[in-house]
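Participant: got a predicted model here, sequence first, then my questions.
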Amino acid sequence: MTNLIMLLFMFISLAGFSQNVERQGNKLIAKTEVKAIKLDNSTKTSDVYIDKSGKEYPVYKSSRGSLFIVRTSKTGNQYKYYIKE
């Protein structure tokens, strides 16, 4: 009985770690879900932020008056990067 419970628990836990995989030629590429952020109450300003590598980002202003840019991490998720004035 305990073996059956442990086996059932293993199958349930493995199902949570499954990934979507896409085949491109001989390569299998894991597809990750992109987590996009919401810019509901934010307004886009006319300013541009340039980071150390020279990449340009549009600057947004939050409803509380903070300035931020939207960056994308290596895993593909987007996040707000707040800027000091």
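Facilitator: That came through, no problem.
Participant: which ones are touching the residue lying closest to residue 73 once chain neighbours are set aside?
Facilitator: Using Cβ to Cβ, 6 or more residues apart in numbering and skipping the chain neighbours, the partner closest in space to residue 73 is residue 79 (6.5 Å). Quick note: C-beta positions are derived from backbone N, CA and C, even for glycine. Shown in contact with residue 79 (Cβ atoms under 8 Å, 6 or more residues apart in numbering): 37, 70, 71, 72, 73.
Participant: max-length strand in the protein?
Facilitator: The residue-count maximum for a strand in the chain (DSSP state E) belongs to strand 43-50.
Participant: for it, which residues meet the burial criterion?
Facilitator: Buried positions in strand 43-50, judged by neighbour count with 16 or more other Cβ atoms under 10 Å: residue 49.
Participant: given that strand, what are its sheet partners and their directions?
Facilitator: strand 56-61 (antiparallel) (DSSP bridges).
Participant: got the contact list for whichever helix or strand comes after the strand it pairs with?
Facilitator: Counting by DSSP states H and E, the element after strand 56-61 in chain order, helix or strand, is strand 67-72. The set of residues external to strand 67-72 that reach it, using Cβ under 8 Å, 6+ apart, is 37, 39, 42, 45, 47, 49, 57-62, 78-83, 85.
Participant: ok, of those, which come out buried?
Facilitator: For these, buried by 16+ other Cβ under 10 Å: 42, 49, 57, 59, 60.
Participant: my read is residue 3 is in a helix, agree?
Facilitator: Yes. Residue 3: assigned to a helix according to DSSP: H, G, I helix; E, B strand; the rest coil.
Participant: returning to that earlier point: in which helix or strand does the residue nearest to residue 73 reside?
Facilitator: strand 78-83.
Participant: strand partners (parallel or antiparallel) of that strand?
Facilitator: When pairs are called by DSSP bridges, strand 78-83 turns out to pair with strand 67-72 (antiparallel).
Participant: only alpha carbons, please: show the strand it pairs with as CSV.
Facilitator: Extracted as CSV, the C-alpha positions of strand 67-72 are listed here (Å, rounded to 0.1, in the frame of the first residue of the first chain):
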residue,chain,number,x,y,z
LEU,A,67,10.3,55.9,-13.8
PHE,A,68,11.0,52.4,-15.1
ILE,A,69,11.9,50.4,-18.2
VAL,A,70,10.8,46.9,-19.2
ARG,A,71,13.6,44.4,-19.5
THR,A,72,13.6,40.7,-20.5
